[in-house]
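>>> Following is a predicted model, sequence given first.
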Amino acid sequence: MSDEHKAKGNAAFQAKNFKDAIMYFTSGIEVDKGNHVLYSNRSACHASLFDWQEAFEDARKCVEIKPDWAKGYARLGASLHGMKKYGEAVEAYQKGLTYDKENVALANGLKMAMAAKDPHPLGQVFTSQLLIALMQSPAPELVALRNDSEFIKILSSVINDHSLINQYLSDERMTTLLKAVTRPAGSEDDVEAPKPTPAAKKAPEPVKELTPEELEKQTVHKKAEEFKAEGNTHYKAKRFAEAITFYEKALDTEKDNIVYMNNIAAVYLEQKEYEKCQEQCDKAVEKGREVMADFKDMAKALTRKGTCYQKQGDYTNAIKWFNASLLEHRSADTLTKRNKCEAEAKKAADAAYFSEEKCEAARLEGNEKFKAQQYKEAIDLYSEAVKRNPKAHAVYSNRGAAYMKMGAYDDAEKDCKKCLEIEPTFVKAVVRLGHIYFFRKEYHKAMVEYNKGLNLDPENEECKNGKQRTIMKVQQSTGGREAPDAERQQRAMADPEIQAILSDTYMQQVLRELSENPRNIDNYRNSPKVMGNIDKLVAAGIIG
């Protein structure tokens with residue numbers, strides 16, 4: 001029974017109905033107090049509502065029940081982070097990583113918790129306001145900086161990730177910016193300099209002399225780039241062997257530049273040499289960590305490794321490496337690749353699971369459980385059947401019937417509608433939909449469904465009886481034999497069709513006339529539309 005509560009809770013969570021989800025998970029916990037997943041899921045709901053204390057209590061209970069489940073520590077760390085207990089959050093994430101070293105959520109959470117625990121002293125400086133100050137300042141040195149696209153990218157990266165501050169703090173452009181924006185107002189540098197006379201000429205700035213080491217490095221890089229350019233030419237012409245030769249020459253020339261490793265990996269990917277491509281990507285990331293390479297270059301290597309797995313149909317590993325790449329650099333291209341890969345994975349899983357024979361077997365077994373009044377088991381088997389064949393319309397109708405027996409009319413309604421979406425003439429689903437509306441006292445809707453069923457099958461006894469029963473109920477409620485039903489009226493008022501009738505200007509006039517004198521109904525008996533609307537309002541309990 002807890003599985004049913006869990007499924008409803010998950011559906012509510014996905015729909016962002018967090019309070020409803022908490023209610024379902026709580027019901028599940030009452031049935032199965034040792035289910036660690038239910039505590040984890042309820043913790044996530046509380047966290048989504050920023051109720052960190054409740055999220056913490058559930059996460060703590062989760063890891064108490066299942067101490068070796070990594071996801072529980074992700075919940076615990078998130079709740080502690082929300083409570084601003086950053087040190088304890090770090091400990092929770094680290095403990096979780098001992099059980100699953102490659103868990104992306106734990107690694108990402110740890111990174112954020114550590115950054116919050118030990119913030120960089122300049123963290124308050126590197127905010128979006130710094131970028132705004134740069135863009136608005138008239139200072140000549142800052143005008144030059146904001147026209148430097150490379151620097152703008154670096155600054156944006158540092159603002160988004162303060163762990164990069166030390167890496168770029170030695171950059172002369174960064175020093176210039178910080179000096180300018182932290183300069184006290186009214187200081188000498190703020191006084192506008194007198195305009196030079198027309199004859200005056202600005203002395204050329206002295207060319208900075210490079211050290212022998214810098215000259216050597218510049219020469220080496222230039223040579224390596226020449227090899228790379230030659231490799232690119234061959235790559236575009238699909239002369240892959242030649243391209244690799246030149247990329248390897250570039251790498252031999254500048255051994256610490258992982259860009260050339262990525263170029264070699266790209267060739268292997270084009271050649272469908274996936275194992276070699278993955279090895280090259282691993283080398284690039286390893287070397288990148290060693291030499292503190294640009295995180296974007298390392299992200300490219302990880303994305304390419306993910307692409308290798310995707311090309312081979314290994315979607316689990318592909319998604320894993322795409323996520324790892326996104327941790328290095330949140331590239332829109334990689335995000336698109338991951339989303340596409342997830343869609344491909346679902347499609348492949350559904351295709352692999354499809355089986356008409358197994359669908360029919362599960363349906364028949366579900367029917368046996370239904371006859372034995374084991375409705376929960378029947379629902380599980382019908383659910384398995386539609387997973388095996390999502391187009392098996394009759395199974396949705398059968399599951400709808402089982403939901404009705406359990407009083408879950410909303411779920412039953414969805415299943416009957418799904419059945420009719422696939423097969424609009426399936427009378428059993430129409431009848432069941434009519435019954436659902438009858439039990440919910442939505443008599444106007446029930447009448448529509450029973451009439452629809454009789455149009456499809458004029459001799460259908462269930463439709464005839466259902467329609468007659470509905471007419472009697474409407475007559476009882478309008479004849480004063482029953483007290484007004486507030487719940488029925490409230491549900492009817494929430495119906496878009498009823499709202500449309502009541503908001504129609506012409507119908508408002510008709511209803512006013514009828515309220516003044518009910519005999520005025522004779523004026524509208526020749527208008528099928530007006531009479532139809534009145535019948536619906538009567539059946540809905542809006543008018544008597």
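Structure received.
>>> Report the contact partners of the most centrally placed residue in the chain.
Note on the chain: the residue nearest the mean C-alpha position is Gln14, at 8.8 Å, using C-alpha atoms, centre = their mean. Shown in contact with Gln14 (C-beta atoms under 8 Å, 6 or more residues apart in numbering): no residues. In short, each C-beta sits where N, CA and C put it, glycine included.
>>> do the one 4 residues further on as well
By C-beta under 8 Å, 6+ apart, the contact set of Phe18 is 12, 45, 48-49.
>>> my guess is His36 contacts Cys62, does it?
Yes: the criterion here is C-beta atoms under 8 Å, and His36 meets it with Cys62 at 4.8 Å.
>>> So which of the two has more stuff around it?
Comparing His36 with Cys62 by other C-beta atoms under 10 Å, the one with more neighbours is Cys62, at 25 against 19.
>>> What about Glu30, how many residues nearby?
12.
>>> Look up phi and psi at it.
Backbone torsions of Glu30, given as degrees, to the nearest 10, read phi -60, psi -30.
>>> Assign Gln310 to helix, strand or coil.
helix (DSSP: H, G, I helix; E, B strand; the rest coil).
>>> One more: the one 10 residues further on?
Lys320 falls in the helix class when you classify it by three-state DSSP.
>>> Quick one: residues contacting it.
So Lys320 contacts 102, 104, 306 (C-beta under 8 Å, 6+ apart).
>>> Same question for Thr316.
Ala345.
>>> And for the one 5 residues further on?
Taking C-beta under 8 Å, 6+ apart, we find Trp321 in contact with 302-303, 305-306, 309.
>>> Between those residues, which sits nearest Glu150?
Thr303 (21.5 Å; C-beta to C-beta).
>>> quick one: contacts for the closest one?
Contact analysis of Thr303 by C-beta under 8 Å, 6+ apart lists 321-322, 325, 331, 333-334, 337.
>>> ok so, going back, out of the contacts of Trp321, who's nearest Val158?
Taking C-beta to C-beta as the measure, Val158 sits nearest to Leu302 out of those, at 21.3 Å.
>>> how would you label the closest one: helix, strand or coil?
Taking three-state DSSP as the rule, one finds Leu302 in the helix state.
>>> Tell me, how many residues neighbour the residue nearest to it when sequence neighbours are not counted?
Nearest non-adjacent residue to Leu302, counting by C-beta to C-beta, 6 or more residues apart in numbering: Ser325, 3.7 Å away. Counted with other C-beta under 10 Å, the neighbours of Ser325 add up to 29.
>>> Same check on Ser43?
29.
>>> so which helix or strand takes in the nearest residue to it once chain neighbours are set aside?
Excluding the flanking residues, the one nearest Ser43 by C-beta to C-beta, 6+ apart is Asp58, at 3.7 Å. Assessed by DSSP states H and E, Asp58 sits inside helix 52-65.
>>> which stretches of the stretch 101-250 of the chain have low pLDDT?
Scanning the stretch 101-250 of the chain for pLDDT under 70 picks out 118-121, 123-124, 128, 160-163, 182-208.
>>> ranges for the helices of it?
In the stretch 101-250 of the chain, the helices defined using DSSP state H, counting those that start in this stretch lie at 104-117, 128-136, 140-146, 149-160, 165-168, 172-181, 212-236, 240-253.
>>> packing partners for the shortest one?
Judged by 3 or more C-beta pairs under 8 Å, 6 or more residues apart in numbering; DSSP states H and E, the packing partners of helix 165-168 are helix 149-160.
>>> in stretch 223-236, what's buried?
Neighbour-count burial for stretch 223-236 flags 224-225, 227-228, 230-231, 234-235 (criterion: 16 or more other C-beta atoms under 10 Å).
>>> try stretch 214-223
For stretch 214-223, it's none, nothing buried (16+ other C-beta under 10 Å).
>>> for stretch 239-250, same thing?
240, 242-244, 246-250.
>>> after the least confident helix or strand in the chain by mean pLDDT comes which helix or strand?
Every helix and strand in the chain was compared by mean pLDDT, DSSP states H and E; the lowest is helix 486-493, with a mean of 64. Per DSSP H and E, the first helix or strand lying C-terminal to helix 486-493 is helix 496-503.
>>> just checking, next helix/strand downstream of that next one?
The helix or strand immediately downstream of helix 496-503 is helix 505-516, counting by DSSP H and E.
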